[in-house]
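Novice: Here's a sequence, model it:
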Amino acid sequence: MKLVAILAGMLLALPAVAQHQAPPGADPSLFKPVPDRNDVVSWKLLAQVELVKQKDRYVPQFAKDVTALDQKQVKVQGFIMPLQMGDKQSHFVLTAMPQTCAFCLPGGPESMVEVKSKTPVKYTFEPVVLTGKLSVLKDDPTGVFYRLTDAVPAK
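Specialist: Residues are numbered from 1 along each chain as shown. Next up is the predicted model:
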């Protein structure tokens, strides 16, 4: 019975896998990660995490350079993935890659930062740069690895 449930889940996931391609006729350059900048925390650095089994579950284990960022003021850049309606967002997800569809996540938890901003940020399809206090979350029940609080737009 468990095998049937797993197979059914895999079959249901197939359409989602197909969504991770640029739509036909779309400009592929719209779906590329932002270029690296020396003045922001790189997504390559944030990706230095692996899942480690602890008792009956998996938890993130971060590289030393990543844990050194915990509770520090940092600058990050990425694409806004809104969590609420409206053209201004105060709670959203910043992602390394732009979304290719409204229902698809553009990567795993290592390529996303939950953002809680001081003031609402205008939603745009262009990459944004934000400054705020980064929390490296070792055991968040929502599965989020990174959270940026008191975020404000930066240049």
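Novice: Helices of this protein, start to end?
Specialist: Applying DSSP state H to the chain gives helices spanning 2-18, 43-46, 64-67.
Novice: could you say what helices and strands the second one packs with?
Specialist: Counting contacts by 3 or more C-beta pairs under 8 Å, 6 or more residues apart in numbering; DSSP states H and E, the secondary-structure elements packed against helix 43-46 are helix 64-67. The way it works is simple: take the backbone N, C-alpha and C, and place the C-beta from them, glycine included.
Novice: Going by neighbour count, list what's buried in the helix it packs on.
Specialist: Judged by neighbour count (16 or more other C-beta atoms under 10 Å), helix 64-67 contains these buried residues: V66.
Novice: what is the most centrally placed residue in the chain paired to in the beta sheet?
Specialist: Nearest to the geometric centre of the chain sits M112, at 1.2 Å (C-alpha atoms, centre = their mean). Taking DSSP bridges, one finds T95 as the beta-bridge partners of M112.
Novice: can you check the one 5 residues further on too?
Specialist: When bridges are called by DSSP bridges, S117 pairs up with A151.
Novice: Report the contact partners of the nearest residue to V66 once chain neighbours are set aside.
Specialist: Once flanking residues are discounted, V66 sits nearest to Q48: 5.5 Å by C-beta to C-beta, 6 or more residues apart in numbering. By C-beta atoms under 8 Å, 6 or more residues apart in numbering, the contact set of Q48 is 62-63, 65-66.
Novice: looking at the helices of the chain, which has the lowest confidence?
Specialist: Ranked by mean pLDDT, these end with helix 2-18 in last place, scoring a mean of 45.
Novice: how about the strands of this structure, start to end?
Specialist: Secondary structure of the chain (DSSP state E): strands at 49-54, 57-62, 72-82, 88-95, 112-122, 128-136, 146-153.
Novice: End to end on stretch 131-141, go ahead and measure it.
Specialist: Its first and final residues considered, stretch 131-141 spans 25 Å by C-alpha to C-alpha, to the nearest Å.
Novice: And that stretch, what's buried?
Specialist: Buried positions in stretch 131-141, judged by neighbour count with 16+ other C-beta under 10 Å: 131-132, 134-137, 140.
Novice: ok, residues contacting that stretch?
Specialist: Residues from elsewhere that reach stretch 131-141 (C-beta under 8 Å, 6+ apart): 41, 59-60, 62, 66-67, 69-76, 113, 115, 117, 144-154.
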